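S.K.: Quick one: sequence and predicted model below, then my questions.
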Number of protein chains: 2
Amino acid sequence: MSVMKKQKSSYHHGNLSESLLDAVDDIATKFGLEAVTLRACAKLVGVSPSSAFRHYADKRALLTSFATRALHQLTDSMARAKTDAQENSGDEFSAVSLAYIEFALAKPAFFRAMWREETIYVNDENYEAAVKLLSSFMQAGFAATIDDVDPNSFSSQELLAWSSVHGLAHLFVEGPVGKGMDKAQQMEMARGMIKSLADSLSSVKTS
Amino acid sequence: MSVMKKQKSSYHHGNLSESLLDAVDDIATKFGLEAVTLRACAKLVGVSPSSAFRHYADKRALLTSFATRALHQLTDSMARAKTDAQENSGDEFSAVSLAYIEFALAKPAFFRAMWREETIYVNDENYEAAVKLLSSFMQAGFAATIDDVDPNSFSSQELLAWSSVHGLAHLFVEGPVGKGMDKAQQMEMARGMIKSLADSLSSVKTS
DNA sequence: ACTATTATGTGAACAGTGATAACATTTGTC
DNA sequence: GACAAATGTTATCACTGTTCACATAATAGT
């Protein structure tokens, strides 16, 4: 749907830069990130291959935009989980962590695209802002200031929290963990790990 | 050195399959994993591009072998750290964990190559065996049986340990954590997180 | 309303990529 | 020494990202 080519003028597309991102989305979802090719995206949108360069300096810039969008999707999902937990008086930290892992399982190609230094421009300001916003949510359970989060000033506990949640997500997506399992089993595994994490963090806190 | 072309017969190379892995090593180290191209490897070894296909079914098979070798290098490094800790009566678990992260920082391209489902054959038996061996070392601090480690039967605490160490390594290599820091600072950060991890695990254990 | 300028899309090319197949050379075996 | 298997080469293929000259459309200035 979102990738449909505009029929109006049949020359100017009208919204190509965004539609190309949708095409990356489609192809990455269906055939994996390695299958994302500039020509395939252009064909899917119904446009000539070279037209992409009017909107993105190169393929890497396109993938950077896609990664940025994926980061925002993940952050939105975490934000939803957080407010849900607040309303239902659940554990915010667990809810946010589970959302992180659930996203990786649901959209593995997106998760891969987010963290790939060699294929995106990690110094792009939008990308950096998206990462910063995301990382702030992993500090949410620690009453940190949401604004102005510096990935280098994480406390040991906060770093442990992000690392473990991120690490499990990555081991699910790229590694051997939970390989033959279905999503429900994997999420059960994640719940177990997060429980251990939350228990240990609180026990450290109160000690 | 290790990539040098044999001058003896000048037709048959003698040890091409291994030398190609050395070439991947060299190029990945110097120019990153994305720069690893079949032709570049062949040229470095001093051989025609198509000769690689006598030893590897395709590029993905070559990268799988390389990933497997990298996994063994990491495992060796962890094993060394473990025996060192034993001899010096240090903390085995911390030593092994630090070796994991140190490897990722020293050889980021190798670490990337290890965990990339779309560019290697994750069901290759040698790769699977190497992963299994590696994962067993992350259970080392928990007095688990070293043999016959099943990545799906990790306890919550064991999973937390592997996930957090792996996650931090990955956030260092592909993510925003420790970006402007030098290796010493990054390792200090890692020590902090591992300390938090070890503390919390032991506090859970004894509670 | 008409034109000039800018924005956007096209077509044809380029070098570099993984891969294949027919051919060449060496090594090993009887 | 002949023959077969293993190993390396050459030529070629389709496909990739990218560029450049050109075509078309949208917009601004008068």
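M.R.: Yep, that arrived.

S.K.: Going by C-alpha atoms from here, please, whenever you check contacts or count neighbours.
M.R.: Noted.

S.K.: So the longest helix anywhere in chain A, near DNA strand D or not?
M.R.: When chain A is parsed with DSSP state H, its longest helix is helix A:59-87. Yes. Using CA under 7 Å from any atom of the strand, helix A:59-87 reaches DNA strand D at A:Lys59, A:Arg60.

S.K.: what helices or strands is that helix leaning on?
M.R.: Contacting helix A:59-87 under the criterion 3 or more CA pairs under 8 Å, 6 or more residues apart in numbering or on different chains; DSSP states H and E are the following elements: helix A:16-31, helix A:92-106, helix A:108-114, helix A:125-138.

S.K.: Can you show me the CA trace of stretch A:17-37 as CSV?
M.R.: Presented in CSV, the C-alpha positions along stretch A:17-37 are these (Å, rounded to 0.1, in the frame of the first residue of the first chain):
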residue,chain,number,x,y,z
SER,A,17,12.1,10.2,-0.6
GLU,A,18,9.5,8.8,1.7
SER,A,19,8.3,6.2,-0.7
LEU,A,20,11.8,4.9,-1.1
LEU,A,21,12.0,4.4,2.7
ASP,A,22,8.7,2.4,2.4
ALA,A,23,10.3,0.3,-0.3
VAL,A,24,13.3,-0.4,1.9
ASP,A,25,10.8,-1.4,4.6
ASP,A,26,8.9,-3.7,2.3
ILE,A,27,12.0,-5.4,0.8
ALA,A,28,13.8,-5.7,4.1
THR,A,29,10.7,-7.2,5.7
LYS,A,30,10.1,-9.7,3.0
PHE,A,31,13.5,-10.7,1.7
GLY,A,32,16.0,-9.4,4.4
LEU,A,33,18.3,-6.5,4.6
GLU,A,34,20.8,-7.9,2.1
ALA,A,35,18.1,-8.0,-0.5
VAL,A,36,17.7,-4.2,-0.3
THR,A,37,19.1,-2.8,-3.5
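
S.K.: That one near chain B at all?
M.R.: Yes. Against chain B, stretch A:17-37 shows contacts by CA under 8 Å from any CA of the partner chain at A:Gly32, A:Leu33, A:Glu34.

S.K.: one step back: quick check: buried residues in the longest helix of chain A?
M.R.: Across helix A:59-87, burial judged by 16 or more other CA atoms under 10 Å in any protein chain shown covers A:59, A:61-75, A:77-79, A:81-82, A:84-85.

S.K.: Export the residues of stretch A:17-37 next to chain B as TSV, with columns for distance to A:Val173 and neighbour count.
M.R.: Below are these laid out as TSV (distance: CA to CA, whole Å; neighbours: other CA atoms under 10 Å in any protein chain shown):
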residue	distance to A:Val173	neighbour count
A:Gly32	12	18
A:Leu33	13	21
A:Glu34	15	12
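
S.K.: Looking at these, which is nearest DNA strand C?
M.R.: Checking those against DNA strand C with CA to the nearest atom of the strand, the nearest one is A:Glu34 at 11.9 Å.

S.K.: tell me the pLDDT at the closest one?
M.R.: For A:Glu34, the model assigns a pLDDT of 98.

S.K.: Check which helix or strand the nearest residue to it once chain neighbours are set aside maps to.
M.R.: Take A:Glu34 and drop its neighbours on the chain: the residue closest to it by CA to CA, 6 or more residues apart in numbering or on different chains is B:Glu118, 6.8 Å away. Assigned by DSSP states H and E, B:Glu118 belongs to no helix or strand.

S.K.: Restricting to C-alpha, output the helix or strand of chain A with the lowest mean pLDDT in CSV.
M.R.: The helix or strand of chain A with the poorest confidence is helix A:183-206; it has a mean of 85 (mean pLDDT, DSSP states H and E). Presented in CSV, the C-alpha positions along helix A:183-206 are these (Å, rounded to 0.1, in the frame of the first residue of the first chain):
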residue,chain,number,x,y,z
LYS,A,183,8.0,-16.0,19.5
ALA,A,184,6.0,-16.9,22.6
GLN,A,185,8.7,-19.1,23.9
GLN,A,186,11.4,-16.5,23.1
MET,A,187,9.4,-13.8,24.9
GLU,A,188,9.1,-16.1,27.9
MET,A,189,12.8,-16.5,27.9
ALA,A,190,13.1,-12.7,27.7
ARG,A,191,10.8,-12.3,30.6
GLY,A,192,12.9,-14.6,32.7
MET,A,193,16.1,-12.7,32.0
ILE,A,194,14.5,-9.4,32.6
LYS,A,195,13.1,-10.6,35.9
SER,A,196,16.6,-11.7,36.9
LEU,A,197,17.8,-8.3,35.8
ALA,A,198,15.2,-6.3,37.7
ASP,A,199,15.6,-8.4,40.8
SER,A,200,19.3,-8.0,40.9
LEU,A,201,19.2,-4.3,40.2
SER,A,202,16.7,-3.7,43.0
SER,A,203,18.7,-5.8,45.4
VAL,A,204,21.8,-3.8,44.6
LYS,A,205,19.9,-0.6,44.9
THR,A,206,18.6,-1.4,48.3
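
S.K.: what sits against the nearest residue to A:Met189 once chain neighbours are set aside?
M.R.: Spatial nearest neighbour of A:Met189, chain neighbours left out: B:Ser156 (7.6 Å); criterion: CA to CA, 6+ apart. Neighbouring residues of B:Ser156 by CA atoms under 8 Å, 6 or more residues apart in numbering or on different chains: A:Met189, A:Gly192, A:Met193, A:Ser196.

S.K.: From the residues you listed, pick the one nearest A:Glu125.
M.R.: Taking CA to CA as the measure, A:Glu125 sits nearest to A:Met193 out of those, at 33.5 Å.

S.K.: Find the residue closest to the closest one in space, skipping its chain neighbours.
M.R.: Nearest residue to A:Met193 in three dimensions, chain neighbours excluded: B:Ser156, at 4.7 Å (CA to CA, 6+ apart).

S.K.: quick one, phi psi at that neighbour?
M.R.: Backbone torsions for B:Ser156, taken as degrees, to the nearest 10, come to phi -60, psi -40.

S.K.: Going by contacts, tell me the helices and strands next to the least confident helix or strand of chain A.
M.R.: Other helices and strands packing on helix A:183-206, by 3+ CA pairs under 8 Å, 6+ apart, are helix A:92-106, helix A:156-174, helix B:156-174, helix B:183-206.

S.K.: Would you mark the buried spots in the shortest one?
M.R.: Neighbour counts over helix A:92-106 (16+ other CA under 10 Å) mark A:92-105 as buried.
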